[in-house]
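1. What shape does this take:
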Amino acid sequence: MARTTHDGMVKLIPLGDSGVGKPCIINRFSDDAFSHSFISNIGIDFKISTIDLHGKRIKLQIWDTAGQERFHTITTSYYRDATGILLVYDITDASSFENISKWLRNIDMHASENVVKMLVGNKKDMVDRRDVSKESGEQVAASHNIRFLETSAKANINIDRAFFELAEAILEKVSETIRQSSRKGLSRDSGGGSSAG
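-> Numbering: from 1, shown residues only. Okay, the predicted model is just below:
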């Protein structure tokens, strides 16, 4: 039997409007590269990265789904198995921020109720063109009880941190779910068992 090279695997999906920099965030994290050219996705692509988190090797499967409305039927099936979602908007584009509420509704409709979410304001390197305040991002994140970061794929600001914090939150949630399940199992099993001697 082959030995696994990781202790766990999580499936992450960046969601948000087209043009907010989702592929750039993924490429910066997985390849430490930034592409200056904009190529809109016409489907789905994914990358795999392995990180070390608290002494465990965690494989991140990062799916890049297209943000354009016409591809929405393709991407909704990918919500189901996601364990983590990066909700990405462009800090220089208020409409991409306003559409976060639409993305949150889609997540509520299509994703597992246990999916872990993080709000990400991308293009932090372009603060001179900022259209969405950091405080606005913090307020939306707080109102939905999710994590928040501002990032820049171009300047490599907080990219690793976003993925590490999301992976850590997922592992915490999985551990808590396991603890709750074992407590329920113990309370059910503690009554009428007999032991053979």
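
2. Let's test this: name the helix or strand in the protein with the lowest mean pLDDT.
-> The weakest-scoring helix or strand in the chain, judged by mean pLDDT, DSSP states H and E, is helix 72-79 (a mean of 64).

3. Now the element after it, going C-ward?
-> Next along the chain after helix 72-79, taking DSSP states H and E as the criterion, comes strand 84-90.

4. who's in contact with that next one?
-> If you take Cβ atoms under 8 Å, 6 or more residues apart in numbering as the criterion, strand 84-90 is touched by 10-17, 19-22, 25, 79, 96-97, 99-100, 103-104, 107, 111, 115-123, 132, 137, 146, 162, 166-167, 169-170. In this view, the C-beta of every residue, glycine as well, is placed from N, C-alpha and C.

5. what about burial for these, which qualify?
-> By neighbour count, with 16 or more other Cβ atoms under 10 Å, those hold 10-17, 20-22, 25, 79, 96-97, 99-100, 103-104, 107, 111, 115-123, 132, 137, 146, 162, 166-167, 169-170 as buried.

6. Can you tell me which of those residues end up in helices?
-> Among those, the ones falling in helices (DSSP state H) are 22, 25, 79, 96-97, 100, 103-104, 107, 137, 162, 166-167, 169-170.

7. between those, which is closest to residue 155?
-> Relative to residue 155, the closest of these is residue 25; by Cβ to Cβ it sits at 12.0 Å.

8. measure residue 61 to residue 124 for me?
-> Going from residue 61 to residue 124 by Cβ to Cβ, to the nearest Å gives 26 Å.

9. Settle it for me: which of these two has more neighbours?
-> In this view residue 61 and residue 124 are compared by other Cβ atoms under 10 Å, and residue 124 has more residues nearby, 20 against 16.

10. Bridge partners for the residue sitting nearest the centre point of the chain, pull those for me.
-> By Cα atoms, centre = their mean, the chain has its centre lying nearest to residue 85, at 2.7 Å. Here residue 85 sits in beta bridges with residue 13, residue 117, as judged by DSSP bridges.

11. so what's it scoring on pLDDT?
-> Here, the pLDDT recorded for residue 85 equals 94.

12. do residue 23 as well
-> pLDDT recorded at residue 23 is 83.

13. In this structure, where is pLDDT below threshold?
-> In the predicted model of the chain, residues 1-4, 6, 32-46, 65-76, 185-197 satisfy pLDDT under 70.

14. Next one: residue 24 relative to residue 183, how far apart?
-> Going from residue 24 to residue 183 by Cβ to Cβ gives 43 Å.

15. quick one: which of those two has more around it?
-> Taking other Cβ under 10 Å, residue 24 and residue 183 do not tie; residue 24 has more neighbours (22 against 10).

16. Nearest residue to that one in space, please, no chain neighbours.
-> Counting by Cβ to Cβ, 6 or more residues apart in numbering, residue 24 lies nearest to residue 153, which is 3.7 Å off, once chain neighbours are set aside.
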